[in-house]
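>>> sequence? don't have it. structure:
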């Protein structure tokens, strides 16, 4: 009977590629641009969550709750980019959708919530959220290593 062999990480055929991807992700997340996008995104999400109370439309519960939920989700999603850059920047499209939802929310949530202050607040913060999400996505594309696909670092190997 043969003894089972336990392969170590050093013997993995893609170890160099995996190390390169990890190094790329570390460098990309530590750039001033990526850190600025993350910080401004967190502030944007927190403002969106509290906007009903800041701007003064907390009596419009449907929009206030919508902004609270979307703001927290946006802050958590965009804040996660700094901690798991390589895996999460592929989800920047979800943050962009939250920005678009924020822009159209005053017209589509139930109740008469489309007032001047709700529209201005939601359109401005939604546009900022959308631009920041697109910036996060473009940072991931710009930092992609040559020969990789969107920062994933997959290269063709012989025999595959």
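Nice, thanks for sending it over. Values in this document were obtained by computation on a predicted structure and should not be read as measured data. Numbers count the residues shown, from 1 in each chain.
>>> helix or strand right after the helix or strand of the chain with the lowest mean pLDDT?
One helix or strand of the chain scores below all others by mean pLDDT, DSSP states H and E: helix 85-88, with a mean of 56. Counting by DSSP states H and E, the next helix or strand C-terminal to helix 85-88 is helix 92-108.
>>> now for the next helix or strand after that following helix, which elements pack on it?
Where DSSP H and E defines the elements, the next helix or strand beyond helix 92-108 is helix 116-142. Applying 3 or more C-beta pairs under 8 Å, 6 or more residues apart in numbering; DSSP states H and E, one finds that helix 116-142 makes contact with helix 32-51, helix 61-80, helix 92-108. Bear in mind the C-beta positions are built from the backbone N, C-alpha and C, glycine included.
>>> any chance of those helices in a markdown table, plus distance to residue 133 and mean pLDDT?
Converted to a markdown table, those look like this (distance: least, C-beta to C-beta, whole Å; pLDDT from 0 to 100):
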| stretch | distance to residue 133 | mean pLDDT |
| --- | --- | --- |
| helix 32-51 | 8 | 90 |
| helix 61-80 | 7 | 92 |
| helix 92-108 | 4 | 93 |
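>>> can you list those in a markdown table and add mean neighbour count?
Compiled in a markdown table, the helices and strands packed on helix 116-142 are given as follows (neighbours: other C-beta atoms under 10 Å):
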| stretch | mean neighbour count |
| --- | --- |
| helix 32-51 | 19 |
| helix 61-80 | 19 |
| helix 92-108 | 18 |
